[in-house]
Every structure is written in structure tokens, then in C-alpha cells.
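>>> The following comprises the amino acid sequence and a computationally predicted model.
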Amino acid sequence: MKVLVTEKIAEKGIEALKNSGMEIDVDIQLSVDRERLLDIIKNYDAIVVRSVTKIDEEFYQHATNLKVVGRAGNGVDNINMEGATNRGIIVVNTPEANTVSAAEHTIGLLIASCRNIPQANSFIKNRNWDRSGFKGTELQGKTLGIVGLGRIGSLVATRMQAFGMRVIAYDPYITDERFSKFSVEKIKKLGDLVKKSDFISVHTPKTEETFGMIGEEEFKTAKKGVRVVNCARGGIIDEDALVKAIREGIVASAGIDVLVNEPNTTSPLLDLDNVIITPHLGADTVEAQNNVGVTIAQEVISALKGGMVPNAVNLPTLQHQELEALKSYLQLGEVLGKLYHQLEKKPIEKIEVIYSGTVADMETSAVTLAILKGVFEPILKERVNYVNARLTAKNRGISVVESKQTVNGDYMNKVRINIITKEKTFTAAGTIFGKKDARIVEVNGFEFDATPTPYVLVANNTDKPGMIGQIGTLLGASKVNIATMQVSRNVKGQEAMMFLTVDSEVDKETLNMIGNVEGILKINLVKL
Ligand SMILES: NC(=O)C1=CN([C@@H]2O[C@H](COP(=O)(O)OP(=O)(O)OC[C@H]3O[C@@H](n4cnc5c(N)ncnc54)[C@H](O)[C@@H]3O)[C@@H](O)[C@H]2O)C=CC1
Ligand SMILES: O=C(O)CCC(=O)C(=O)O
């Protein structure tokens, strides 16, 4: 596997990638040398970027082998998510790793801008001792309006309360409990927050809704002398409107870490004395970068190994613990899904997944993805994984329905799939024994207690003497060892199903010979 790193990440992260046995190329020029990046990206399985490298549709068209985009950081606005998902490319980021640094930088900008610290610093460094032009303002007793009370917004809120500020916030997407948790006053309308605030700090992602959300209209109603901070994404506070509001004396100062176009040395904001700007340094601390570097390395490695990753952006969000608890169900789901196309050939119309018992309380959407991955992987040329499995079903006109039951009969937990075609319904079910032992417990109404192994022979036969012996003899003759064997029937003398786990592939000829045995109705080698 080859990984390309196009922006500076901590040495610890590079070491972790190298230690995993991958081939790593680091070339930070590629973040801006677009032509060369497009030329070589086909050679890589994964790319690790920060906020400068643009991962867009044109990039994906060149990245024909790409499986993973690792964003060493939080915001993913430089990454086209739809393009990644369509191609089954997993996008991972490190949302928790730099939040404290970003919050602290926000506070640094807020204090530095309202006390003119950088301006005074330049002045005295130029050998001018003059205190007259730098009078600032206190924070105590002032109102801080936070837009977006997520990870960073809430860290800023609680820290600024220690300065004696009244903190209010606008975030229509979070619960009242979250506002109470941080003792932050909920403001229902952005306009009201703007009117009430002495300081405004934005902490939303950059989306269609948030881009320009503090603009000319908002500045018209803001308190004269309001101070603003943007350590989130360029453009959430409209840059032209900000320049105008500063020139008109509405905004007294601005602390800015991010610009719409980066890198940027020509923004008009750079010409304004009461604007202090840092070149996107919010996450630039030793701690954050080490954290980000190591986390992104671990995630890219696990994503390349094909599994679920806790911080995958285009997959269901899972915490580490949840993922641990789900691991065996993901394997079971994939096994159940894989059975279908290896036992049946009918086009699928609908897939029903029924979770019962303890598994019903878990985050099962990931298990459903594992089932879909298992269903489609054996028959599709293009890559099917957790990222695009649902889309693959949708594109093939297959509806997927999940349901949950608390009562489950004989099993503590059970995952059952009903694959519905025009002619019939295929069913399979499995359970997890103890903490992680997956078992197939039913196929098409025949009950088993079978541990999935890489090779399984599944036979439908008439329930009569001699069947097992004949199969055993034929497999023995072709040097295939039977590991375990189970036979299931519902009515004596009618159809039965055999489930034989074998230690190796079974060649076509042997399969044909078994298929020709009188009483064998169907034989398939299933690879799980
Ligand atoms: N300057 C830097 O170096 C860094 C910047 N960031 C940026 O900081 C920002 C915040 O990051 P996190 O706190 O981790 O994100 P988060 O996802 O934890 O929180 C974002 C919050 O914004 C809210 N939100 C979304 N749309 C909104 C809207 N229209 N109006 C009001 N609220 C809205 C969400 O409900 C959520 O609570 C992001 O833009 C991220 O890219 C993050 C790390 C470093
Ligand atoms: O330092 C970086 O790579 C950018 C940090 C950032 O903006 C983020 O993590 O969203």
C-alpha cells in the first residue's frame, strides 16, 4: 500500500504510517502543485492532507487507486464528500484531536485583538514607546455570542465564563440540554445574538447555510463597537462585509485565523489596523499536531485494511468502544450477506434486516452496511465497501429495511436477513456467542450452529441414507479435508441441508461429481 502525504503532519504520524509497513511519500509542495499531484495520484492507495490540498471531482478522476482520504484535522470542506462516497473512498478525519488548540487560539485572538497586543508589540519592536493608541476593552461583564456550540464553541464558552463574560449562543441543531450543560443562554435567532453581543465568535462548519451567515445585514443591527473572531472557516463572517463594517466603525476589532482563499497574502483585511490575522494556526500546537498526526495515521491504516473506522466522515459515526462492541457483528453481517449470491442467483428487490435481542440496542446501521457489503462484493467488479454499500443497493433499485425486536426466542441476540426476489425469499440468520463467536444459525429455514470459515460447502439433498458418506468419499479423493459438518432437516425424508466447513478450495470437477450424486439437489462452495 502506498500513502502520499501532501501537507506537514507530525513526525510521529509519519513514523506510525511507516511502521505499519506502508510505503510513504511526503511532498508538501504537492498541496499547491496541482498538475503534479494529478499526475501521480494514481499510484497511491491513500492520501493524507490538511486544509490546503483540494480533493475535488477532478482529483478523484485521476486517483484511480485511491481508497482513503485522511484529513489530518477537523474541517473537511476541502474534500468533496459525494465524489468519495460514490467511489467507495473512505474519508477519515481527527475531529477531537485539535479542538483544545483551536479553542485556545480563538481566545488568544479575542484577547489579543481587543487589547491591541500585536499592534503594540510591533510598535515597541520598532523602538516606539507610546501607550496612547492601544486602549482596549475588558471582557468581564461583556456578552460573548457564540455561533455553533459544538466541540470548539463549547470549549470557548466555558473558558470565557471564567473571565466573567455572559455567554450566549445560537445553534439550532443542538438540544436545550447541551446549552444547560455549558450554562450557556440559548438564543433562538441569529439576529438576536448579533444584537445582544459585545463579542461574536463563530464555530460552525463551513456549509451553504453558514457561509456568509454574518454579513452586511447582521452588521447593520450589531452593537457599535462589536468585536468579532473567526477561527472556524473563512467566509462564515463575510470578508467584504467585515471590511466595510470595520471601515464604518461598526466593528471595533477582528481576530481572524481563516480566510476564504488560503494561502492568502492579498486580502484587504490585511490592510486594516484593527484586524489581527494568523495564517490558519488554530491547530498549530505541538500537542494538537502530535495528536492529529498519530490519530490520522492509525485511521488511515485501519481504513486501508478495509474495516470500520471510528472517525470516518462518510460512514456512521461510531465511538471507539461502540466499534469494539460491534466488530463481531460486522463480521457476522458480512458473512450473512456473502451467503446470498453464492447460493442464489435471483435479482434482489428488497433486503430486510431484523435485529433482535441485545444487538437491537446497538448502532446497527453499520452492521446493515456490512451485510450489504457482503451481498454485493462477490458479484461486482467495482469496489464495494462500507462507504458505498448503501448507495450500491440504491443504484440497483434495492430497498433496504432495518427493524428491531427485543424478544428473540432462543438466542440472546440474532441478526436475520430476508432477501426478497420476485420468485422467493432467501433467509439467513446468525448470532454472536459470548463476546465474539459468530455462528450461522439458519439458512432458508434449516437450522444450524455453524462457525463461519473461509470455505464452506453447502448442499441441499434428499434426506436419505448414504448422502454424507458419498460426499465424504468424493472430497477425500480430491484431498479436501472436512473440518466440521452439520446436517439439518425439518421433515424426515424430505429436503435437508448440509453445511460442511472444509480446509481448502474444492475444484470444479469435484463439485460436479458431488452434484451428480443421486439425491444431491444443489451444491455450492461458499467463500466467507
Ligand atoms: N482554525 C483552525 O485551525 C481550526 C478550525 N476548525 C473549525 O472550527 C469549526 C468548528 O469545529 P467543531 O467545533 O469541531 O465542529 P462541531 O461539528 O463540533 O460543531 C459545529 C457546531 O455548529 C453547529 N452549526 C451547524 N450549522 C449551524 C448553523 N447554520 N447555525 C448555527 N450553528 C450551526 C452545529 O450544530 C455544531 O454544534 C469548524 O469549521 C472547523 O473546521 C477546527 C479545528 C481547527
Ligand atoms: O492545521 C490544519 O491543518 C487546519 C486545522 C483545521 O482547520 C481543522 O482541523 O479543521
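Structure received. Ligands and ions are numbered 1, 2, ... in the order given.
>>> Chain neighbours aside, what residue packs nearest to residue 252?
residue 225 (4.4 Å; C-beta to C-beta, 6 or more residues apart in numbering). The C-beta positions use only the backbone N, C-alpha and C, and glycine is treated the same way.
>>> per-residue pLDDT, the one you found?
With respect to pLDDT, residue 225 has a value of 98.
>>> separation between it and ligand 1?
Using C-beta to the nearest ligand atom, to the nearest Å, residue 225 is found at 24 Å from ligand 1.
>>> Would you indicate which residues of stretch 232-241 are buried?
Applying a neighbour-count criterion of 16 or more other C-beta atoms under 10 Å, one finds 232, 233, 234, 235, 236, 237, 238, 239, 241 buried in stretch 232-241.
>>> I should have written stretch 335-352 there, sorry.
Within stretch 335-352, judged by 16+ other C-beta under 10 Å, the buried ones are 335-344, 348, 351-352.
>>> quick revisit: tell me which of the buried residues of stretch 232-241 fall in helices.
239, 241 (DSSP state H).
>>> now the buried residues of stretch 232-241 in a markdown table, with distance to residue 428 and pLDDT?
Output for the buried residues of stretch 232-241, formatted as a markdown table (distance: C-beta to C-beta, whole Å; pLDDT from 0 to 100):
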| residue | distance to residue 428 | pLDDT |
| --- | --- | --- |
| 232 | 47 | 97 |
| 233 | 46 | 96 |
| 234 | 51 | 97 |
| 235 | 50 | 98 |
| 236 | 49 | 98 |
| 237 | 54 | 98 |
| 238 | 55 | 98 |
| 239 | 57 | 98 |
| 241 | 59 | 98 |
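>>> Include distance to residue 43 when you put the buried residues of stretch 232-241 into a markdown table, please.
Shown next, in a markdown table, are the buried residues of stretch 232-241 (distance: C-beta to C-beta, whole Å):
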| residue | distance to residue 43 |
| --- | --- |
| 232 | 35 |
| 233 | 31 |
| 234 | 32 |
| 235 | 34 |
| 236 | 36 |
| 237 | 40 |
| 238 | 41 |
| 239 | 38 |
| 241 | 44 |
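>>> Who are the contact partners of residue 363?
Neighbouring residues of residue 363 by C-beta atoms under 8 Å, 6 or more residues apart in numbering: 316, 318, 322, 326.
>>> Can you name the residue of the stretch 201-350 of the chain nearest to ligand 2?
At 3.7 Å from ligand 2, residue 283 is the closest residue in the stretch 201-350 of the chain, using C-beta to the nearest ligand atom.
>>> Contacts only, for the closest residue in space to that residue that isn't next to it in sequence.
Spatial nearest neighbour of residue 283, chain neighbours left out: residue 98 (3.7 Å); criterion: C-beta to C-beta, 6+ apart. If a contact means C-beta under 8 Å, 6+ apart, then residue 98 has 73, 74, 282, 283, 285, 288, 289, 291, 292 as its contacts.
>>> confidence score at residue 98?
On pLDDT, residue 98 comes in at 96.
>>> hmm, back to that, can you tell me the helix or strand for the residue of the stretch 201-350 of the chain closest to ligand 2?
Using DSSP states H and E, residue 283 sits in no helix or strand.
>>> just to revisit the earlier point, how far away is the residue nearest to residue 252 from residue 202?
Taking C-beta to C-beta, to the nearest Å as the measure, residue 225 falls 18 Å from residue 202.
>>> The contacts of residue 363, buried ones only, as a ChimeraX selection?
Filtering the contacts of residue 363 down to the buried ones (16+ other C-beta under 10 Å) takes a single ChimeraX command:
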select :316,318,322,326
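>>> give me the subset of the contacts of residue 363 touching ligand 2.
Taking C-beta under 6 Å from any ligand atom as the test, ligand 2 is in contact with none of the contacts of residue 363.
>>> Redo the contacts of residue 363 as a markdown table? Include secondary structure and pLDDT.
Formatted as a markdown table, the contacts of residue 363 follow (DSSP: H, G, I helix; E, B strand; the rest coil; pLDDT from 0 to 100):
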| residue | secondary structure | pLDDT |
| --- | --- | --- |
| 316 | coil | 76 |
| 318 | coil | 74 |
| 322 | helix | 81 |
| 326 | helix | 89 |
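>>> thinking again about what came up before, which member of the buried residues of stretch 232-241 is positioned nearest residue 368?
Within the buried residues of stretch 232-241, the smallest distance to residue 368 is 32.8 Å, found for residue 233 (C-beta to C-beta).
>>> ok, that closest one touching residue 76?
No: taking contacts as C-beta atoms under 8 Å, residue 233 lies outside contact range of residue 76: 10.7 Å.
>>> Single out the residue in the stretch 101-250 of the chain that lies closest to ligand 2.
For the stretch 101-250 of the chain, C-beta to the nearest ligand atom, closest residue to ligand 2: residue 102, 6.9 Å.
>>> In the chain, which residue sits nearest ligand 2?
The minimum distance from the chain to ligand 2, using C-beta to the nearest ligand atom, falls at residue 73 (2.7 Å).
>>> Quick one: the buried residues of stretch 335-352 as TSV, columns for distance to residue 508 too.
Shown next, in TSV, are those (distance: C-beta to C-beta, whole Å):
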residue	distance to residue 508
335	23
336	26
337	24
338	20
339	20
340	21
341	18
342	14
343	17
344	19
348	26
351	30
352	33
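>>> taking those residues one by one, which sit in strands?
Mapping those onto strands (DSSP state E) picks out 348, 351, 352.
>>> Quick check: the last one touching residue 401?
Yes: between residue 352 and residue 401 there is a contact under C-beta under 8 Å: 5.0 Å.
>>> in stretch 296-313, what's buried?
For stretch 296-313, a neighbour-count test (16+ other C-beta under 10 Å) marks 296-304, 307-313 as buried.
>>> ok so residue 457 is a helix residue?
No: residue state for residue 457 (DSSP: H, G, I helix; E, B strand; the rest coil) corresponds to strand; a helix is not indicated.
>>> So what sits opposite it in the bridge?
Per DSSP bridges, the residues bridged to residue 457 are residue 500, residue 525.
>>> May I ask which helix or strand encompasses the residue of the stretch 101-250 of the chain closest to ligand 2?
Using DSSP H and E, residue 102 sits within helix 99-114.
>>> export that helix as CSV, just CAs?
Output of helix 99-114 as CSV, limited to C-alpha atoms (Å, rounded to 0.1, in the frame of the first residue of the first chain):
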residue,chain,number,x,y,z
THR,A,99,-10.2,21.2,19.4
VAL,A,100,-8.5,22.4,22.6
SER,A,101,-5.8,24.2,20.5
ALA,A,102,-8.4,25.8,18.2
ALA,A,103,-10.4,27.0,21.3
GLU,A,104,-7.3,28.4,22.9
HIS,A,105,-6.3,30.1,19.7
THR,A,106,-9.8,31.6,19.4
ILE,A,107,-9.4,33.0,22.9
GLY,A,108,-5.9,34.2,22.0
LEU,A,109,-7.3,36.1,19.0
LEU,A,110,-10.1,37.5,21.1
ILE,A,111,-7.9,38.9,23.8
ALA,A,112,-5.1,40.0,21.5
SER,A,113,-7.5,41.9,19.2
CYS,A,114,-9.4,43.6,22.0
